[in-house]
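coords please:
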Amino acid sequence: MTKFAVRFMQAFEVCHREASKRLWRSISNYKLSKQLLKFYNNFRSSIKEMDYFTSAHNNGICFKLINSFAMIFFLFTVASCSKPSKQIEKKNVFLENLASQENNQAYAKATKIIDFNFPKDHGPHEDFKTEWWYFTGNLKSPNKNFGYQFTIFRNNIAPELDPQNAWETRNIYMGHMGLSDLTAKRFYSFERFERGALGLAGTQAYPFKVWLNHWYIKSTSKELFPLEISVMEDGIGYKLQITALKEKVLQGDNGLSQKSKETGNASYYYSYTRLKTEGTIFIKDKTYEVSGLSWMDREWSTSALGKDQIGWDWFSLQLDDKTEIMIYQLRNKDGSIDEYSSGTMIDKQGNKTPLSLENFKLKALEFWTSADSKHRFPVKWSLELPEHEIKLIVETDLKEQMHNFSIPYWEGAVRVSGYKTGLGYLEMTGY
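Got it, this is the predicted structure:
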């Protein structure tokens, strides 16, 4: 490829990213012509007909050029036929709304134990402010070890809006994708935003599917499982098939997970703690057939951290004796650990034992500092459960697993040694 072609491609990549950012941030009350709507739908249909994974490897340049040109054309057309919105002026609508505690009275809150309704509760809860579908896992090929994380968030930024057409939406979607090549010591991460309109992003309960552009999680049968996860960005991605080896676990008090003493500062929370996983990992021009275990977390809520809380350390550990441990400790601004920190032990049969702060001890043993020196994360921990005579060391083989996103946080694969052995994932925020 000539230098001109390379620069041309780079320019379109920049335009494509900026166009996408501006598009999801804009409010959806456009008075667009039927011709524009027809053009856009026709374009989307033609893109959907392409096999993304094939085009990503064989026709990636052509695909990106077409997609970038269409996005820019679409953005300029929208700008020419719609009035500027006040929301466009905000620097980051999604993150400002997610962090804010204002106007929460317009949303439903997690205040009491409920009777979960499946498969409906696998799908959206749009009366709540935010929710997420979260997967992590440790996978192996014959010669490599990998960790992966894939999360799609939905955030309701306009609870009082009653959408009147396909362009209007109350929801913004955010996707986070991480891939840890533990053998090569490489970490890849990508972030996407999109409006929940026109099929760009969304979720449905039956058949289950949640998607953000070409990133998706979907059922491949009438039941929730088997699930398929498909993510690809800049030649990095994975396509995985997932089946449940244990039943779901309702976390907290029968699925009500209280995060602080304030009423409604809680979530509805359930997990699938042991998922058989097989599929393919893509790293540029190389593919790896992999297998291993995944973990799924599912939460929806309105209130975030309490006013005195600054972040959390969350552990999901899958042990070799076919048991699991989930623990999170909430950290306060004064350095203390919040009394609402908690966890769960799951035995071989899937029965759970709740853990309160008094039942476990966490101690940071080793730290890693980001390249810009702005963040310092504990990457080796000791975990004790005295009543169960369990002492574990949780550490990572790849210290640099920080997502340098709109909100930086560390999310990475870990291994467990000591009284028991196994693998898991660790998420740390607020450092």
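
helix or strand: which one has the residue most central in space within the chain?
Nearest to the geometric centre of the chain sits residue 151, at 1.5 Å (C-alpha atoms, centre = their mean). Applying DSSP states H and E as the criterion places residue 151 in strand 145-156.

just the CA coordinates of stretch 270-288, formatted as PDB?
In PDB, the C-alpha atoms belonging to stretch 270-288 read as follows (Å, rounded to 0.1, in the frame of the first residue of the first chain):
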ATOM      1  CA  TYR A 270     -27.300 -12.400  39.800                       C
ATOM      2  CA  SER A 271     -24.300 -14.400  38.500                       C
ATOM      3  CA  TYR A 272     -23.500 -17.500  36.500                       C
ATOM      4  CA  THR A 273     -20.200 -18.500  38.100                       C
ATOM      5  CA  ARG A 274     -19.100 -21.400  36.000                       C
ATOM      6  CA  LEU A 275     -19.500 -21.300  32.200                       C
ATOM      7  CA  LYS A 276     -18.000 -23.700  29.800                       C
ATOM      8  CA  THR A 277     -16.400 -21.700  27.000                       C
ATOM      9  CA  GLU A 278     -15.000 -22.600  23.600                       C
ATOM     10  CA  GLY A 279     -14.200 -20.500  20.500                       C
ATOM     11  CA  THR A 280     -11.700 -18.500  18.600                       C
ATOM     12  CA  ILE A 281      -9.500 -15.600  19.500                       C
ATOM     13  CA  PHE A 282      -8.200 -13.200  16.800                       C
ATOM     14  CA  ILE A 283      -5.000 -11.200  17.100                       C
ATOM     15  CA  LYS A 284      -4.400  -9.500  13.800                       C
ATOM     16  CA  ASP A 285      -3.600 -12.200  11.200                       C
ATOM     17  CA  LYS A 286      -3.400 -15.000  13.800                       C
ATOM     18  CA  THR A 287      -6.200 -17.200  15.200                       C
ATOM     19  CA  TYR A 288      -6.300 -19.400  18.300                       C
END
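
from the chain's centroid, how far away is it?
15 Å (C-alpha atoms, centre = their mean, to the nearest Å).

buried residues in it, which are they?
270-275, 277, 279, 281-283, 288 (16 or more other C-beta atoms under 10 Å). Yep, even glycine has a C-beta here, placed from its N, CA and C like the rest.

save those as CSV, and put in secondary structure and pLDDT too.
Output for the buried residues of stretch 270-288, formatted as CSV (DSSP: H, G, I helix; E, B strand; the rest coil; pLDDT from 0 to 100):
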residue, secondary structure, pLDDT
270, strand, 98
271, strand, 98
272, strand, 98
273, strand, 98
274, strand, 98
275, strand, 98
277, strand, 98
279, strand, 98
281, strand, 98
282, strand, 98
283, strand, 98
288, strand, 98
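
can I get those residues in a markdown table including distance to residue 127?
Shown next, in a markdown table, are those (distance: C-beta to C-beta, whole Å):
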| residue | distance to residue 127 |
| --- | --- |
| 270 | 18 |
| 271 | 23 |
| 272 | 24 |
| 273 | 28 |
| 274 | 31 |
| 275 | 29 |
| 277 | 32 |
| 279 | 34 |
| 281 | 37 |
| 282 | 38 |
| 283 | 41 |
| 288 | 42 |
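
roughly how far does the residue nearest to the centre of the chain sit from residue 316?
13 Å (C-beta to C-beta, to the nearest Å).

same thing with residue 190?
21 Å.

below-threshold pLDDT in this protein: ranges please.
Scanning the chain with the threshold set as pLDDT under 70 gives 1-103, 304.

same thing but at 50, please
1-41, 43-96, 98-99 (pLDDT under 50).

what residue spans form the domains of it?
3-89, 95-428 (automatic domain parsing).

for the ones you listed, which one ends up most surrounded?
domain 95-428 (a mean of 18; mean count of other C-beta atoms under 10 Å).

and that domain, how far from the chain's centre?
6 Å.

circling back: so which elements touch the strand holding residue 151?
For strand 145-156, the packing partners by 3 or more C-beta pairs under 8 Å, 6 or more residues apart in numbering; DSSP states H and E come out as helix 93-99, strand 130-140, strand 171-181, strand 209-212, strand 215-219, strand 409-418.

residue 154 contacts residue 169, correct?
No. If you go by C-beta atoms under 8 Å, residue 154 and residue 169 don't touch, sitting 10.6 Å apart.

can you list residues touching both of these two?
Counting by C-beta atoms under 8 Å, 6 or more residues apart in numbering, the contacts common to residue 154 and residue 169 are residue 196.

how close does the closest residue to residue 303 other than its chain neighbours sit to residue 223?
Distance criterion C-beta to C-beta, 6 or more residues apart in numbering; nearest residue to residue 303, sequence neighbours excluded, is residue 265 at 4.1 Å. Using C-beta to C-beta, we find residue 265 at a distance of 33 Å from residue 223.

rewinding a little: partner strands of the strand holding residue 151, with direction?
In the sheet, strand 145-156 lines up against strand 130-140 (antiparallel), strand 171-181 (antiparallel) (DSSP bridges).

rebuild these as a markdown table, extending it with distance to residue 108.
Shown next, in a markdown table, are the strands paired with strand 145-156 (distance: least, C-beta to C-beta, whole Å):
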| stretch | distance to residue 108 |
| --- | --- |
| strand 130-140 | 11 |
| strand 171-181 | 15 |
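
quick one: closest of those strands to residue 329.
Checking the strands paired with strand 145-156 against residue 329 by C-beta to C-beta gives strand 130-140 as the closest, at 18.1 Å.
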